[in-house]
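**Q** Got a predicted structure here, sequence first:
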Amino acid sequence: MNTNNVIKYVILTGLWAILLVPFIVINQMFFPFITGKNFFFRIIVEVIFALWVYLAFADTKFRPKFSWVALAVGLFVAVMAVADFFAVNPFKAFWSNYERMDGWITLIHLLMYLLVFGSMMKTEKVWLWFFRSSLAMSVIMIALSTKEWLSTGAERVSVTLGNPIYVAVYFLFNFFFALILLYKDVIVKKAGSLKPFLEILKDWKSYVYFILAFLCVFGIWRTATRGVILGLIGGLIVSALIIAIFERKNAIMKKTAIGGLIIIAILIAGFLVFKNTTFVKNNVMLNRLSAISWSNVTSQGQARQYVWPMAIKGFQEKPLLGWGQDGFNYVFNKYYDSRMYGQEQWFDRAHNTPLDVLVAGGAVGLLSYLGIFVAALWLIWKRREKLGITDAALLVGVLAGYFFQNLFVFDNLTSYIFFFVVLAYLHSSDTENGIEVSGKYGKAISEDLTYYVIAPILLVILGISLWYFNAKPLMANLTLIDSLRTQSGGLSANLESLKKALSYNSLGNSEIREQAISVATKIIGMKVDAKIKQDFVDLAYTEVQKQVALAPNDARYQLFTGAFLDNLGQYQAALPYLKKAVELSPKKQTMIFELVKCFSYLGDKEQALKYAKEAYESEPQFVDARNNYIAAAVINGNDQLVKELMGTTTTISDERIVRAYLLNASDYLQKNDKYSAVKEVEKAAKLSPGFASQAKDIINGIWNGTVK
């Protein structure tokens, strides 16, 4: 076997190995369900891309060919590169972080993946084997999902993907792969027989694919993911409609499609009739479907009605090229809806892929993204005779199902991978016997030039990419985890590990800095050597300052810095950061609370009351906002306001209110007015019975002089 053949099979092995990505979980890593998968994918793609480039120089038949799908993807990646260059945070737009592992670096890897896939998978036979391999892996995922369900009783399984939504999308693609294989491996081959339906029933492969398709539906059901269920139904309806309208050669498929549409209509009608019954309410999936309501905000999933308008406002502010990838958090903070007080406080996605793209890349970005689907659908229509109406319909169906579910979620690596598998399949089918980019036949490169010039250059580039794009952030990740473990060398060893993790200067810096703040805050309250405390504080403060300098308009890091300084008692130093945080996110109550606390300790009672009132009036139903306002009223000595806010409530267990009375007591003690100080402590004890025992000790301390 010559060198080119060896390289060819190594590349194909790498493409097949990517089917392992959904199963990779490395518990020794920060965000174990995310980071391991992404590093594995990127390393494989970089290696096989370098090998493919070498092969393309060595053998003209492996050179890239033109297709509208590849052009559309390339255009989208190029547009996002420009959007990310002008992003509000270019570093994060390019690199993303450990939690998401997205950014432009993921897009360029996906484009590389598409080009290699589309160039190496040259025959339908090879593609069908890939689909069979994917289905075989899905059986393992089904087994893992079933095991989790039976052993834990989980209502929504997440297995190795860490999120039920990701699992559901995985099964969505494999469901359609099973239908494509059923059509290609069985139905097409039996179409010419006298009794095709009987022949299909006699073929054992029919039952295998039917069972696999059913198992994929079962897998989706066990995730109780509404968007994917609706996407599956929508995709099937689209496929069935196309077959019912356009299929002329295969009567079985036409009749099956019509029957399928009737069955789907009956099921939908039956669900609507019985959706309020006990049976539906007692089934997790059916109950979740019946609970879909734009006006019912009882969970994070339903918070989309607040988040989506924020995305639109963000687009209106930057309509052309958007905020850059991973820039939605800026939009979320700036246009935060105060009614979201009971939801996640740090949304970094709109939970709607087109809206996410609109925010990240503006109108140009969204048009280029939609252009991928337009190119794919155009290619399917153009190749419908060669593909066959049913095959074309199923491809349209999987794209429709995927796009529909993306209206409720954001993409992840697994959904990206399978979406690009479909795109590569279309690209490959469009470039069969096509024209190479370099010319009709291409020019041969001499063997010496390939061996002694091209290969060394590729090796150097590959080595650099593996180091900077993978090794450095990977080692930083592992070192971060090490810094959070109990170590034999004590806290000094933890500190050195944190410093080492930061020394890699990787995409994980922001999260490492957040962990440094968290660890330092905990150590402040521990009984440990004062120097160790100071060393952790110095490191955390130095690093958070760097993060603020890198992203000065990110409210998250302004708040973290201010809160960290608050915990150190450095209220005057904390004030500018907290003011900036509230300026960047004026409606987010949790940020205002920290600012009120800071003003309270600085003795600026009027400002504390002003901001506490703003937070409360933005959403009076928010109990924490009311209690924060009561605390500010206490500090200001406004007993009438306290009574109004408490209404019929006689007791409140809230640390902020107790702290407010204690601050008043402290002020009285500074004036040597013990009697008034005791009165304030007694008020706190009366309002918060859980504080009564501690209050008694404080009062005794006031009278005997030990509390000053």
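**A** All right, it came through fine. Numbers count the residues shown, from 1 in each chain.
**Q** so how far is stretch 239-249 from its chain's centroid?
**A** 37 Å (Cα atoms, centre = their mean, to the nearest Å).
**Q** Just the buried positions in that stretch, please.
**A** 239-244, 247 (16 or more other Cβ atoms under 10 Å). For every residue, glycine as well, the C-beta is placed using N, CA and C.
**Q** what's the lowest-pLDDT member of these?
**A** Taking the buried residues of stretch 239-249 together, the minimum pLDDT is found at residue 247 (85).
**Q** Please tabulate the buried residues of stretch 239-249 in JSON lines, including the columns secondary structure and distance to residue 200.
**A** JSON lines is the format used below for the buried residues of stretch 239-249 (DSSP: H, G, I helix; E, B strand; the rest coil; distance: Cβ to Cβ, whole Å):
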{"residue": "239", "secondary structure": "helix", "distance to residue 200": "18"}
{"residue": "240", "secondary structure": "helix", "distance to residue 200": "18"}
{"residue": "241", "secondary structure": "helix", "distance to residue 200": "22"}
{"residue": "242", "secondary structure": "helix", "distance to residue 200": "20"}
{"residue": "243", "secondary structure": "helix", "distance to residue 200": "16"}
{"residue": "244", "secondary structure": "helix", "distance to residue 200": "19"}
{"residue": "247", "secondary structure": "coil", "distance to residue 200": "16"}
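**Q** got CSV for these, with distance to residue 211 too?
**A** Output for those, formatted as CSV (distance: Cβ to Cβ, whole Å):
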residue, distance to residue 211
239, 20
240, 21
241, 26
242, 25
243, 22
244, 25
247, 25
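**Q** ok, which stretches of the stretch 401-550 of the chain are helices?
**A** 413-430, 447-449, 455-465, 472-483, 491-503, 509-524, 530-550 (DSSP state H, counting those that start in this stretch).
**Q** which residues does residue 171 contact?
**A** By Cβ atoms under 8 Å, 6 or more residues apart in numbering, residue 171 lies in contact with 138, 141, 216-217, 219-220, 223, 228.
**Q** PyMOL command to pick out the buried ones of these?
**A** Only the buried members of these enter the following PyMOL selection, criterion being 16+ other Cβ under 10 Å:
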select buried, resi 138+141+216+217+219+220+223+228
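**Q** about what we covered before: just the buried residues of stretch 239-249 now: which is nearest residue 581?
**A** residue 239 (49.7 Å; Cβ to Cβ).
**Q** Distance check, that closest one against residue 415.
**A** 19 Å (Cβ to Cβ, to the nearest Å).
**Q** And residue 319, by the same measure?
**A** 27 Å.
**Q** Same check on residue 26?
**A** Using Cβ to Cβ, we find residue 26 at a distance of 20 Å from residue 415.
**Q** Those two - which one has more neighbours?
**A** Set residue 26 next to residue 415 and count neighbours by other Cβ atoms under 10 Å: residue 415 wins out with 23 against 19.
**Q** Excluding chain neighbours, give the residue nearest to the more buried one in space.
**A** In space, and not counting its chain neighbours, residue 415 is closest to residue 169: 4.5 Å by Cβ to Cβ, 6 or more residues apart in numbering.
**Q** any idea which element the one you found lies in?
**A** Element membership for residue 169, per DSSP states H and E: helix 164-182.
**Q** Quick one: find the helix or strand in the protein with the lowest mean pLDDT.
**A** Here the helix or strand of the chain ranked lowest by mean pLDDT, DSSP states H and E is helix 284-290, holding a mean of 72.
**Q** Buried ones in that one, by neighbour count?
**A** Quick answer for helix 284-290 (16+ other Cβ under 10 Å): 285-286, 288-290.
**Q** and of these, the nearest to residue 336?
**A** residue 288 (26.8 Å).
**Q** I figured that closest one hits residue 226, correct?
**A** Yes. Using Cβ atoms under 8 Å, residue 288 is in contact with residue 226, at 5.4 Å.
**Q** show me what contacts the nearest residue to residue 162 once chain neighbours are set aside?
**A** Spatial nearest neighbour of residue 162, chain neighbours left out: residue 33 (3.0 Å); criterion: Cβ to Cβ, 6+ apart. Residue 33 is in contact with 25, 160-163, counting by Cβ under 8 Å, 6+ apart.
**Q** now residue 33, what's its secondary structure?
**A** Secondary structure, DSSP: H, G, I helix; E, B strand; the rest coil: residue 33 is coil.
**Q** can you check the one 3 residues further on too?
**A** When the structure is reduced to helix, strand and coil (three-state DSSP), residue 36 reads as helix.
**Q** still on that earlier bit, please report the distance of the residue nearest to residue 162 from residue 23.
**A** Distance, residue 33 to residue 23, by Cβ to Cβ: 11 Å.
**Q** The residue nearest in space to the middle of the chain: what's it in contact with?
**A** Geometric centre of the chain, nearest residue: residue 100, 5.2 Å, by Cα atoms, centre = their mean. Counting by Cβ under 8 Å, 6+ apart, residue 100 makes contact with 34, 326, 348.
**Q** In a helix, the second one, correct?
**A** In this case it means residue 326. No. Under three-state DSSP, residue 326 sits outside any helix and is assigned coil.
**Q** so it sits right up against residue 96, yeah?
**A** Yes. Counting by Cβ under 8 Å, residue 326 does reach residue 96; the two are 5.3 Å apart.
**Q** list residues touching both of the two?
**A** 102-103.
**Q** Between those two, tell me which one has more neighbours.
**A** Each of residue 326 and residue 96 has its neighbours counted (other Cβ under 10 Å); residue 326 has more, 27 against 20.
**Q** Could you pull up phi and psi at that one?
**A** phi 60, psi 30 (degrees, to the nearest 10).
**Q** Just give the closest residue to it, not the sequence neighbours.
**A** residue 92 (4.7 Å).
**Q** which residues sit against the host helix or strand of that neighbour?
**A** Element membership for residue 92, per DSSP H and E: helix 90-95. For helix 90-95, contacts defined as Cβ under 8 Å, 6+ apart pick out 83-84, 87, 103-105, 324-327, 360, 507, 510, 550-551.
**Q** Mind giving me the PyMOL select for those residues, buried ones only?
**A** This is how PyMOL selects the buried members of the contacts of helix 90-95, with burial counted by 16+ other Cβ under 10 Å:
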select buried, resi 83+84+87+103+104+105+324+325+326+327+360+507+510+550+551
